[in-house]
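Trainee: No sequence on hand, only this structure:
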C-alpha cells in the first residue's frame, strides 16, 4: 500500500486523473510516491456502509471461467491508512499467526508448483524450463514481442501492444518490474516469477506490476512493498501473490490495490499478506471511479482487513465478490480474524454483490 506521507514528491490527487496525466501518475505509483491508504479503519470495527448491503444469491460453485485475451470496459477510484495506528503483531502461534507464513499449501489453490516459471517441482505438470539470460531491450516497442524462457534483471517498460512474457523470471530491486500504461496494451504475463527481493526502500510501497492493460496467468509475484496495481483495466487469474515487504517499517502493504479502474477481474488467486497493514485486496476510489469489478474464487489470508471496498474522492460501483475463502489462524492463517481486524471493510454508497464467501477451514459463510 502506498503510504508516503513523508515522500519528497507531492502531487495533488486532482492532478492525477487518468484522462490528463496517467503516465505521470504511473511513474509516481511505480516509485511508491502516491498514497492510497488514508482514511481506512484502524480498529476492530469495519467501516460502516452508507447503504444497506446488496443481497447476493449464495452459490455452491467455485468454478472460474477461463480468461480471454480481451475484456469489456467500465470506470473507477483509490484508498489509504495511518501507520501510527498499526498494532504490534502478537507472538507467533497456532497454524501461522503473528505474521509467520503458513507452513502448508492449500489444496486447490495456486502454489509454488503451479505458478511462476516451471522448475520441475513435485506435482508440477508443466514442462520444466531452463532459463537463459535476457539480453533484449528493457523498453519493448515492437508489437507482438514474445519473451519466453528468460532470466530478466531489471524493469521492463511496455510500449507496444500484444506483448507476451512467459516461462520467465524477473528480478528487481527498489523499482517496478513491469509497467504498462495503455488500457488496450493486451499485455500477457504467464507462468512467470516476479521477485522484488525485499529491496523496496520506498515509504509508500512499489507495486511489482502496474498499472493497466494486462492479464496475469499463473504468476508467482512477491517481495516488494505492494505486489500488483490495477489502475485502468486488468485481470489476474490462477496466480500466487504473496510476501509483500521492503527494507523499512512505514509501508502499508497491499497485495492487490486499485485507486481508479474501469475493468478488474481477480479470479482464483492465492493472496497472502503477513502484515497488519493493509490488505490482500484494496479497492478505493481515490484518483478516479472504480467499476466493473469481479473478485471470485480467491483465497485471502492476512492484512489489516483482507478485503476493502471504499469510496473516496470518487465512487466505487458495480462489483461482485463471490465464492472467496478466507484463512484464519485456527486454520493455518496469519491472524485469528482472517485479517488482523477482520475479513472485510466496506464504506461506499454502492456495495458489491457478496455471496458464498466462507472460512476456508470449515466452510462457514461470512456475512457482509
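Mentor: Good, I have the coordinates. The structure displayed is predicted, hence computed values, not measured ones.
Trainee: As a check, name the ranges of all helices in the protein.
Mentor: 18-30 (DSSP state H).
Trainee: Tell me where it is predicted with low confidence.
Mentor: For the chain, the stretches with pLDDT under 70 are 1-38, 41-104.
Trainee: From the centre of it, point out the most distant residue.
Mentor: Ranking residues of the chain by C-alpha distance from their mean position (C-alpha atoms, centre = their mean) puts residue 135 at the top, at 29.0 Å.
Trainee: ok, which stretches of the stretch 51-200 of the chain are strands?
Mentor: Assigned by DSSP state E, counting those that start in this stretch, the stretch 51-200 of the chain shows strands spanning 54-55, 132-133, 139-140, 146-148, 150-153, 156-158, 164-166, 169-171, 178-180, 187-190, 193-195.
Trainee: Export the ones you listed as TSV, with columns for mean neighbour count and distance to residue 315.
Mentor: (Glycine included, C-beta is placed from N, CA and C.) Below are the strands of the stretch 51-200 of the chain laid out as TSV (neighbours: other C-beta atoms under 10 Å; distance: least, C-beta to C-beta, whole Å):
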stretch	mean neighbour count	distance to residue 315
strand 54-55	12	14
strand 132-133	10	47
strand 139-140	16	35
strand 146-148	14	38
strand 150-153	18	38
strand 156-158	20	29
strand 164-166	21	34
strand 169-171	21	35
strand 178-180	27	25
strand 187-190	22	28
strand 193-195	24	31
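Trainee: Relative to residue 365, which of those strands is closest?
Mentor: strand 54-55 (13.1 Å; C-beta to C-beta).
Trainee: Adding distance to residue 202, write the strands of the stretch 51-200 of the chain out as a markdown table.
Mentor: Shown next, in a markdown table, are the strands of the stretch 51-200 of the chain (distance: least, C-beta to C-beta, whole Å):
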| stretch | distance to residue 202 |
| --- | --- |
| strand 54-55 | 36 |
| strand 132-133 | 28 |
| strand 139-140 | 22 |
| strand 146-148 | 26 |
| strand 150-153 | 19 |
| strand 156-158 | 18 |
| strand 164-166 | 24 |
| strand 169-171 | 17 |
| strand 178-180 | 15 |
| strand 187-190 | 22 |
| strand 193-195 | 17 |
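Trainee: Ok, which of those comes nearest residue 209?
Mentor: Taking C-beta to C-beta, strand 178-180 is the member of those nearest to residue 209, at 5.0 Å.
Trainee: Please name every helix or strand in contact with the closest one.
Mentor: Packing partners of strand 178-180 (3 or more C-beta pairs under 8 Å, 6 or more residues apart in numbering; DSSP states H and E): strand 156-158, strand 187-190, strand 207-211.
Trainee: try 10 Å this time
Mentor: Under the contact definition 3 or more C-beta pairs under 10 Å, 6 or more residues apart in numbering; DSSP states H and E, strand 178-180 sits against helix 18-30, strand 139-140, strand 156-158, strand 187-190, strand 207-211, strand 214-217.
Trainee: Could you list the paired strands of that strand along with their orientation?
Mentor: strand 156-158 (parallel), strand 207-211 (parallel) (DSSP bridges).
Trainee: Please compute how far it lies from its chain's middle.
Mentor: On the basis of C-alpha atoms, centre = their mean, to the nearest Å, strand 178-180 sits 14 Å off its chain's mean C-alpha point.
Trainee: With stretch 149-157 instead?
Mentor: Per C-alpha atoms, centre = their mean, the displacement of stretch 149-157 from the mean C-alpha position of its chain is 20 Å.
Trainee: The residue nearest the centre of the chain: what's it in contact with?
Mentor: A centroid search over the chain (C-alpha atoms, centre = their mean) returns residue 256, at 1.5 Å, as the residue closest to the centre. Shown in contact with residue 256 (C-beta atoms under 10 Å, 6 or more residues apart in numbering): 207, 209, 226-230, 234, 236, 239, 241, 264, 266, 269, 271, 273, 279-283, 295, 298, 300, 307.
Trainee: Distance of it relative to residue 269?
Mentor: 8 Å (C-beta to C-beta, to the nearest Å).
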